[in-house]
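Participant: One predicted model, sequence on top.
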Amino acid sequence: MSLTVGFDLDMTLLDTRPGIQATYDALSAATGVPIDSALAVTRLGPPLVQEIGHWFPADAVAEMVDLYRTLYREHALAGTLLLPGVVESLAAVRAHGGRIAVITGKYEPNARLQLDHVGLTPDILVGDTWAESKGDALRLHDATVYVGDHLGDIIGARAADAVAVGVATGPYSAAELHAAGADVVLPDLTEFPAWLAGHLS
């Protein structure tokens, strides 16, 4: 059976907080609506519509989501940082003959721009997913492992009967990821290549 490993994007592969904060600041400037961008970037993971809904009335959310996504292309890419162990982890998957699937809640065209910006080229990219819908994408692409930093990522992995690998690089501690049902929790991706080798053996 071929190996496909799924990865979340924000705070699993990439620290996107600087650029996302800049995008919220730009959205605030464009609309005149105060947004606590520092708070917003502590809540990455759930669909954008949820965060926008904290700052704008319900009847404006769809329009503001579209504006945010447009501003993102201008403001979010420059601040993107690779998290520790990312390059080595993706290389490890390929060394075992596997495919890399990035399954993210981010708007897919912007996720593609972000990955291109940092020079990462997954075999599969699926955007606009969250929790159980991440599980649908994992099943569709026969992923047997899913790596993420958020409780929603654990839900997605469990929904797909994939091995749920938590990384404590996002908003949740190792204990919280374990409590949510992660099969294994790593402090960051630097330990993933060794874990994968053991898992496959």
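Facilitator: Cool, the structure landed.

Participant: from the middle of its chain, how far away would stretch 176-193 be?
Facilitator: Distance of stretch 176-193 from the chain centroid (Cα atoms, centre = their mean, to the nearest Å) equals 15 Å.

Participant: what's it in contact with?
Facilitator: Outside of stretch 176-193, the residues that reach it under the criterion Cβ atoms under 8 Å, 6 or more residues apart in numbering are 12-13, 83-86, 88-89, 91-92, 147, 149, 151, 154-155, 157-158, 163-169, 172, 174, 195. (Each C-beta comes from the backbone N, C-alpha and C, glycine too.)

Participant: Kindly report the same for stretch 121-140.
Facilitator: Here stretch 121-140 has contacts from 4, 6-8, 45-47, 90, 99-112, 115, 141, 146, 152-153, 155-160, 162, using Cβ under 8 Å, 6+ apart.

Participant: Report the separation between the residue nearest to L13 when sequence neighbours are not counted and V93.
Facilitator: Nearest residue to L13 in three dimensions, chain neighbours excluded: V86, at 5.2 Å (Cβ to Cβ, 6 or more residues apart in numbering). Remark: distance between V86 and V93 (Cβ to Cβ, to the nearest Å) = 11 Å.

Participant: Show me how the protein divides into domains.
Facilitator: 4-15+81-200, 17-75 (automatic domain parsing).

Participant: Please identify the deepest-packed of those.
Facilitator: domain 4-15+81-200 (a mean of 20; mean count of other Cβ atoms under 10 Å).

Participant: Average pLDDT for that domain, rounded please.
Facilitator: Domain 4-15+81-200 comes out with an average pLDDT of 98.

Participant: so how far is H54 from D188?
Facilitator: In terms of Cβ to Cβ, D188 sits 29 Å off from H54.

Participant: ok now stretch 89-100, how far from the chain's centre?
Facilitator: 18 Å.
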